[in-house]
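# dropping the sequence and predicted coords here.
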Amino acid sequence: MKNTLDQFAAQCREAIKAQPGAAGRQKVATLLEKFLHDASFVEAVFAGPIGERTMLYEDPELGFCILAHNYLDAKTSGAHDHAHSWAIYGQARGETEMRDYELLEAASADKPGKVRHTRTYTLTPGVAHVYNEGDLHSPKREAPTRLIRIEGTNMAKVKRFHYDVV
């Protein structure tokens, strides 16, 4: 039996409801890794027109979202968090270099925060990583990549602040 997006969303919902918080998110990341190793699931997710941010599912009860990201070229994002929410990045194809940061000075609507780089690691196909509230990171892609990301809420509707690396 093939894994489907509906099955994945239902299992995510179960994990988050059973353990809201970091432990439930880690279970979702482990689940995502399992689904990322299913080539037919990955093919199905990316079969349609997928852009750099395509919403696949938004849970009507819990508000979490499942997105597909298809980057055709190199792309680097600045240091950021997910505001009051969390995110799980799951690498489907290609590689993403991730950088983590330590907060030195909080950001506000009037001025960027300040962060210091603490570590760099690579997400490879089949690997998922949890970013909890306040975790600061930045992705860098040197070539085409695809990933599945789960957000605790639809981040397209959330105002986020900027951070400068010092």
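Arrived safely. Numbering: from 1, shown residues only.
# what sits against the residue positioned nearest the centre of the chain?
For the chain, the residue sitting closest to the mean C-alpha position, by C-alpha atoms, centre = their mean, is Y89 at 3.1 Å. Contacts for Y89 (C-beta atoms under 8 Å, 6 or more residues apart in numbering) come out as 96, 98, 123, 128-129, 131, 139, 147, 149. Glycine gets a C-beta too; all of them are placed from N, C-alpha and C.
# at 7 Å instead, please
Residues in contact with Y89, defined by C-beta atoms under 7 Å, 6 or more residues apart in numbering, are 123, 128-129, 147, 149.
# where do the helices of this protein begin and end?
Taking DSSP state H as the criterion, the chain carries its helices at 5-18, 22-36, 39-45.
# now the second one: average pLDDT?
Okay, so that is helix 22-36. For helix 22-36, the mean pLDDT works out to 97.
# now the strands for the protein?
54-58, 65-71, 75-76, 87-93, 96-105, 113-123, 128-131, 136-141, 145-151, 163-165 (DSSP state E).
# distance check, A15 against G63.
15 Å (C-beta to C-beta, to the nearest Å).
# okay, the two: which has more neighbours?
A15 (19 against 13; other C-beta atoms under 10 Å).
# ok, the more buried one touching V28?
Yes - shown here, A15 and V28 form a contact pair, counting by C-beta atoms under 7 Å, at 5.1 Å.
# excluding its backbone neighbours, what's nearest I148?
G90 (4.5 Å; C-beta to C-beta, 6 or more residues apart in numbering).
# based on its surroundings, how many neighbours for the one you found?
Neighbour number of G90 under other C-beta under 10 Å is 25.
# quick one: residues contacting it.
Counted by C-beta under 7 Å, 6+ apart, G90 has contacts 32-33, 36, 128, 147-149.
# now for the residues you listed, which pair is the farthest apart?
E33 and R149 (13.5 Å; C-beta to C-beta).
# look at the two and report which has more neighbours.
Each of E33 and R149 has its neighbours counted (other C-beta under 10 Å); R149 has more, 19 against 16.
# sorry, back to before: from the helices of the chain, which stretch is densest packed?
helix 22-36 (a mean of 18; mean count of other C-beta atoms under 10 Å).
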